[in-house]
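Enquirer: Build me a model:
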Amino acid sequence: MDKKTLQEMQGILLKEKARAEKELSRFKSRPAKEDSSLEDTLKKLLRDIHKALKRVEEGTYGTCKYCSREIHEARLRARPASSSCIACKKTLTRDM
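Expert: Take a look at the predicted model:
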């Protein structure tokens, strides 16, 4: 991945992080009840975004954590926090 695209993807991740944090903050003002599925989804998204930003810093962003091949840019644009290529994701999903 070239430097320009990497910087662009980092910017997208940071915007997604801010959006997810803003959405999660709405749950803190509500009375403590059962965790909602939306809140859980946002927490998982935020966790994945943090991991992706760490991979940017480490220089491994855009590389599949399972097969070490490059993740196609189209996949990263669709899901910037992706840590696996489509082939590995399909294999993991099928095995579940």
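Enquirer: Between the two ends of stretch 65-83, how far is it?
Expert: Using Cα to Cα, to the nearest Å, the span of stretch 65-83 from its first residue to its last is 6 Å.
Enquirer: Check stretch 53-63 too.
Expert: First-to-last distance for stretch 53-63 - Cα to Cα - comes to 13 Å.
Enquirer: and if you look at stretch 53-62?
Expert: Start-to-end span of stretch 53-62 (Cα to Cα) is 11 Å.
Enquirer: now stretch 58-73: how far from the chain's centre is it?
Expert: Taking Cα atoms, centre = their mean, to the nearest Å, one finds stretch 58-73 lying 13 Å from the centre of the chain it belongs to.
Enquirer: So for the protein, the centremost residue is which one?
Expert: A centroid search over the chain (Cα atoms, centre = their mean) returns residue 81, at 2.2 Å, as the residue closest to the centre.
Enquirer: model confidence over the strand or helix carrying residue 47, on average?
Expert: Secondary structure here is read from DSSP states H and E; on that basis residue 47 sits in helix 37-58. The average of the pLDDT scores along helix 37-58 is 95.
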